[in-house]
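In: Okay, predicted coordinates and the sequence, questions at the end:
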Amino acid sequence: MRGVAKVAPRSYLHGVRAVGLKVLKNKLSEYVRLAAGGETVLVTDRDRVVAELRPPGGGRADSVTDARLAEMIRSGLLRPALRPPGRVPTALAIAPTAEILSELEHDRGDR
């Protein structure tokens, strides 16, 4: 049985737990606290791993809103601002308000 002596110990799996779906549902907050504390929780369904709960990776946003914005930028739905934050562009007046209102009245009169 020399092959058994060369098997790696389970020490490389420290901080990993497995939990079934039913138990996870009943004790979700406990397992989320474990994941927030650095442990990885394997979620199983009929002894098959279907998901993992783990602490957020490096570079992950601190808030959900920031994470959603970052995901939208990665997927191409948004583009980040070209101007640096804090600098407000000057607004250019298109036309005086009275002129715009008179044009609206004129357009309504044509109907």
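Out: Structure's in. What do you need? Numbers count the residues shown, from 1 in each chain.
In: who does the spatially closest residue to Leu34 that is not a sequence neighbour bridge with?
Out: Spatial nearest neighbour of Leu34, chain neighbours left out: Val41 (5.9 Å); criterion: Cβ to Cβ, 6 or more residues apart in numbering. (Glycine included, C-beta is placed from N, CA and C.) Applying DSSP bridges to Val41 gives these bridge partners: Arg17, Leu53.
In: Leu24: what's it in contact with?
Out: 31, 41, 43 (Cβ atoms under 8 Å, 6 or more residues apart in numbering).
In: tell me which residues of the helix or strand containing it are tucked away?
Out: Assessed by DSSP states H and E, Leu24 sits inside helix 21-26. In terms of neighbour count (16 or more other Cβ atoms under 10 Å), helix 21-26 has its buried residues at Leu24.
In: how about it as PDB, C-alpha atoms only?
Out: C-alpha atoms of helix 21-26 as PDB (Å, rounded to 0.1, in the frame of the first residue of the first chain):
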ATOM      1  CA  LEU A  21     -30.100  22.700  -0.100                       C
ATOM      2  CA  LYS A  22     -32.700  22.000   2.600                       C
ATOM      3  CA  VAL A  23     -30.300  22.800   5.500                       C
ATOM      4  CA  LEU A  24     -28.900  25.900   3.600                       C
ATOM      5  CA  LYS A  25     -32.500  27.200   3.200                       C
ATOM      6  CA  ASN A  26     -33.100  26.800   6.900                       C
END
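In: List the contacts of the next helix or strand along the chain from it.
Out: Following helix 21-26 in sequence order, the next helix or strand is helix 28-36 (DSSP H and E). Contacting residues not belonging to helix 28-36 are listed as 17, 19, 24, 41, 53-55 [Cβ under 8 Å, 6+ apart].
In: Distance across stretch 33-40, terminal residue to terminal residue?
Out: 11 Å (Cα to Cα, to the nearest Å).
In: what does stretch 85-96 give?
Out: Start-to-end, stretch 85-96 (Cα to Cα) is 29 Å.
In: residues making contact with that stretch?
Out: 83, 100.
In: Distance from the chain centre to it, please.
Out: 33 Å (Cα atoms, centre = their mean, to the nearest Å).
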